[in-house]
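**Student:** pasted the sequence and its predicted model underneath.
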Amino acid sequence: MKITIDNISIEVSEGTTILEAARKIGGKIVPPAMCWYSKLKNTGGKCRTCLVKVAQSSSKDPRPIPKLVASCSTPVQDGMVVQNITSQEVLDARKAIVEFLLINHPLDCPVCDQAGECDLQDLSFLHGVVETRSDEERREFPVIDIGDKIKLNMNRCILCYRCVFIADQITSKRVHGVLYRGDAAEISTYIQNVIDNDFSGNMIDVCPVGALTDRTFRFKSRVWFLNPMDAHRECSHCPGKVTAWMFGNEIYRITGRKDEFGELEEFICNECRFEKKELTDWFIERPKKIKRESVISANHYEKLIKSSIIHPIEGTTEQQE
Amino acid sequence: MGRPVLIEKIGIPGIRDFAVYRAHGGYSLAEKTLKKMTPAEVNREVTKSGLRGRGGAGFPTGLKWSFLDRKTDKPKYLVCNADESEPGTFKDRYLMEHLPHLLIEGLIISSFALGVKTCYIYVRGEFKYIIGILKKAVDEAYQQKFLGENILGTSFSLDIFLHPGGGAYICGEETAMLESLEGKKGNPRIKPPFPAYKGLYDCPTVVNNVETLAAVVPIIGMGGDAYAKIGIGKSTGTKLISACGNINKPGVYEIELGLPVEDFIFSEEYCGGIKNGKRLKAVIPGGSSVPVLPAGLILRTLKGEQRLMTYESLEEGGFDSGTMLGSGGFIVYDEDACMVRNTWNFTRFYRHESCGQCSPCREGTAWMEPVLRRIEQGEGKYSDIDLLVNIADKIEGNTICPFGDAAAWPVSSAIRHFRHEFEFHIEHPEIVKNPDHGSLIQYPVSSIQYR
């Protein structure tokens, strides 16, 4: 099946979604995804940041789709023509979604462990506006511990549901979920239940924001001061291939290895993640190159040039920072 | 105008009982269908009738039925959407309360046409007494062998299950309803796949409104062609309209589609004019989700044509000067109504009922509500009005399900047509602090034509 995204064509197999096709092409035309996760089933469709315009549904039916569609959950049709960064409508909608995601976000990046590797931070840098139009009070939830290793800060959550799907799909029993509805919806456990299983730590890695953070790494260091190293060990539960975040000879934290889209290559167990923090526990392979375009790869936001990611549309002036 | 088609039996005393309903010709059409017709014939009649979904979207029922995946070896389901929660709409409740057997008869005929053996009625949680009425009717139908195995000696079997909802508006959205039926939280699903392929328990499913399924009975009775002759153009047949607000005779009326809106509001047969001799200010013709129109535009289109109660006529002029027939929740406002207060009230409802799955709806509804509250309480700013328009614009079309549109349209239409009221609230905080300030709002004379 042939699909054209922002004037770049690619052949993909049937059942591929627009977002997957865009990731095959790669580069600037990949729509951002805050909730969809390629390794988890049924994710996607919720955050609406990956909205794209379908200018031609298929070669058989050349009509455009009137509404913007979520690229993560729309399958490709043969001859489909999609506009992502070449459509001002899509960029405007994305800007609005970022604004929606941020109106109740505490913007506490200076004290948030996720800062520097946060999808929402990158997204708002690329697509957001500096000023807020909201005068309302932000929604507040108490910060709680769910289990002895994970901290839940619901104020930062964007309700992507990834942590719910991961608990359903890679652990034996899910004890947390989304309670209530509308703007009162929150991730929580059932009556003071704690999340306790060998793979629960992966929730931290799939969380796109700082809602779920590693209590063993809490406030230890900013991520951009650490050197990510590929490391491995023999583990009876998981493949044992991780990224060790080091400062000098000290391992500050262990995470799974993430690809250029910020997704885990393999899920790792809690023993590797939380308990093995000695240099002697690991075979350090090599420094990890972070492929993802973010502050941790650029080291500074100034080096991330906004216009290189968002093309100025012909005839319009460049986006304001 | 015209004889009622759908609710003609409603005046008969005791019609809720099986015996009375049967004695007045009830279930004879189900009997005729099962014994003398083929499913294809029933489908053909429904398609010919031009019946459109009465739940609000107005999608042709025959077409919807034709999408059902009939080749599958999985079970197929019919789900009757009785989760009527739209503010201003109470027609299904009326129908189920008085004619429960009509719905069951419609379900039998529709299930036969679709080849369905299991049928669910998803009843709104607040309709506790309706569930009792329906339960009694279903039990009676089972006793009289109109439900169960081999109905009336034919090879057709059908089971009907009643399922009370938990009282969430969002469960009226078809995929959220299926989730809820499966015992999960009522979050709308991401489409595609559509329910006609993967619906309840991943099996092909048709979801129809109560009134749509009940209307199948008169269609079989009079034939699709005769039904299509009622009404105008693509708006065929009759529709239940639940009229409420500042009118003399609120209630549920069955109208032939094509009735002029003016006649509906002012004739003695229907709403009987505006209460207390006041003037008409605005109408929401299809439940809280559809755009509100001022008196001048609801009675006549911008072209000067008379506005009719049809899907097409009400949509004439798009959203700039038109609205939608929606579910038929006809809300009338007199000159003393405050449109800002009304809009705030609706937005409060939508904030409370948003499922919270997708970000534009969850955050947008929760943002519009406090802004509107501030304006209504006399604490607003001029920039808030444009902000509201912009938020509504950004929610619309960007959400998983139509809820986002439904939450955005009342706000954007109220500001489009009644912007001066919002400005009045900002300019005169001392006046709007009075709870009954509706009659104190002064309008530019040219802005609204009263009647």
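**Tutor:** Arrived safely.
**Student:** name the residue closest to the centre of chain B, please.
**Tutor:** residue B:327 (2.3 Å; CA atoms, centre = their mean).
**Student:** just the pLDDT at that residue, thanks.
**Tutor:** Among the per-residue scores, residue B:327 holds a pLDDT of 93.
**Student:** swap in residue B:306?
**Tutor:** 92.
**Student:** isn't it up against residue B:262?
**Tutor:** Yes. Counting by CB atoms under 8 Å, residue B:262 is a contact partner of residue B:306 at 6.8 Å. Yep, even glycine has a C-beta here, placed from its N, CA and C like the rest.
**Student:** so what sits against both of the two?
**Tutor:** Residues touching both residue B:306 and residue B:262 by CB atoms under 8 Å, 6 or more residues apart in numbering or on different chains: residue B:299.
**Student:** could you pull up the mean pLDDT of the biggest helix by length in chain B?
**Tutor:** Secondary structure of chain B read by DSSP state H shows that its longest helix is helix B:403-427. The pLDDT scores in helix B:403-427 average 94.
**Student:** what's that helix packed up against?
**Tutor:** When contacts are defined as 3 or more CB pairs under 8 Å, 6 or more residues apart in numbering or on different chains; DSSP states H and E, helix B:403-427 sits against strand B:280-284, strand B:293-294, helix B:318-321, helix B:339-353, helix B:359-376, helix B:382-395, helix B:429-432.
**Student:** list the buried residues of that helix.
**Tutor:** B:403-418, B:420-426 (16 or more other CB atoms under 10 Å in any protein chain shown).
**Student:** so how far is that helix from its chain's centroid?
**Tutor:** 22 Å (CA atoms, centre = their mean, to the nearest Å).
**Student:** so that helix versus helix B:382-395, what angle?
**Tutor:** Between the axes of helix B:403-427 and helix B:382-395, defined by axes from the mean of the first three to the mean of the last three CA atoms, to 10 degrees, the angle is 170 degrees.
**Student:** got the angle between helix B:403-427 and helix B:359-376?
**Tutor:** Using the same axes, to 10 degrees: helix B:403-427 against helix B:359-376 is 20 degrees.
**Student:** just to revisit the earlier point, want to throw the helices and strands packed on helix B:403-427 into JSON lines with mean neighbour count and distance to chain A?
**Tutor:** Shown next, in JSON lines, are the helices and strands packed on helix B:403-427 (neighbours: other CB atoms under 10 Å in any protein chain shown; distance: least, CB to the nearest CB, whole Å):
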{"stretch": "strand B:280-284", "mean neighbour count": "26", "distance to chain A": "22"}
{"stretch": "strand B:293-294", "mean neighbour count": "22", "distance to chain A": "23"}
{"stretch": "helix B:318-321", "mean neighbour count": "14", "distance to chain A": "13"}
{"stretch": "helix B:339-353", "mean neighbour count": "22", "distance to chain A": "6"}
{"stretch": "helix B:359-376", "mean neighbour count": "25", "distance to chain A": "4"}
{"stretch": "helix B:382-395", "mean neighbour count": "19", "distance to chain A": "4"}
{"stretch": "helix B:429-432", "mean neighbour count": "15", "distance to chain A": "16"}
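**Student:** tell me the spacing between the residue nearest to residue B:53 when sequence neighbours are not counted and residue B:311.
**Tutor:** Leaving out its chain neighbours, the residue that sits closest to residue B:53 by CB to CB, 6 or more residues apart in numbering or on different chains is residue B:59, at 4.6 Å. To residue B:311, residue B:59 is 10 Å away according to CB to CB, to the nearest Å.
**Student:** ditto for residue B:136
**Tutor:** Distance from residue B:136 to residue B:311, by CB to CB: 35 Å.
**Student:** with neighbour numbers in mind, choose between these two.
**Tutor:** residue B:311 (22 against 14; other CB atoms under 10 Å in any protein chain shown).
**Student:** and the more buried one, its phi and psi?
**Tutor:** phi -60, psi -40 (degrees, to the nearest 10).
**Student:** let me see the contact set for it.
**Tutor:** By CB under 8 Å, 6+ apart, the contact list for residue B:311 reads B:52, B:58, B:234, B:235, B:257, B:324, B:325.
**Student:** assumed residue A:262 was part of a helix.
**Tutor:** No. With DSSP: H, G, I helix; E, B strand; the rest coil as the criterion, residue A:262 is coil rather than part of a helix.
**Student:** show me the contact partners of stretch B:364-381.
**Tutor:** Contacts of stretch B:364-381 (CB under 8 Å, 6+ apart): A:100, A:103-104, A:134, A:136, A:139, A:182-183, B:338, B:340-341, B:343-344, B:347-348, B:350-351, B:354, B:384-385, B:387-388, B:391-392, B:394-395, B:404, B:407-408, B:411, B:422, B:425-426, B:428-433.
**Student:** pretty sure residue A:185 sits against residue B:356.
**Tutor:** Yes. In terms of CB under 8 Å, residue A:185 counts as a neighbour of residue B:356; the distance is 3.5 Å.
**Student:** so those two - more neighbours on which side?
**Tutor:** Set side by side, residue A:185 and residue B:356 show more neighbours around residue B:356, with 24 against 20, by other CB under 10 Å.
**Student:** is it fair to say the more buried one lies in a helix?
**Tutor:** No. Counting by three-state DSSP, residue B:356 is not found in a helix; it is coil.
**Student:** which residues touch it?
**Tutor:** A:159, A:178, A:180, A:181, A:182, A:183, A:184, A:185, B:362.
**Student:** low-confidence regions, the stretch 301-450 of chain B specifically.
**Tutor:** Residue ranges of the stretch 301-450 of chain B with pLDDT under 70: B:443-450.
**Student:** now with 90?
**Tutor:** Where the stretch 301-450 of chain B drops to pLDDT under 90, the residues are B:301-304, B:317-320, B:335-336, B:432-450.
**Student:** what of the stretch 151-300 of chain A?
**Tutor:** A:171-175, A:188-198, A:222-227, A:237, A:248, A:259-262, A:286-300.
**Student:** what parts of it come near chain B?
**Tutor:** A:158, A:159, A:161, A:178, A:180, A:181, A:182, A:183, A:184, A:185 (CB under 8 Å from any CB of the partner chain).
**Student:** most surrounded residue in those?
**Tutor:** Using other CB under 10 Å as the neighbour criterion, residue A:158 leads these with 26 neighbours.
**Student:** quick one: residue B:46 from residue A:273, how far?
**Tutor:** With CB to CB as the criterion, residue B:46 and residue A:273 are 59 Å apart.
**Student:** just say helix, strand or coil for residue A:48.
**Tutor:** Secondary structure assignment for residue A:48 (three-state DSSP): coil.
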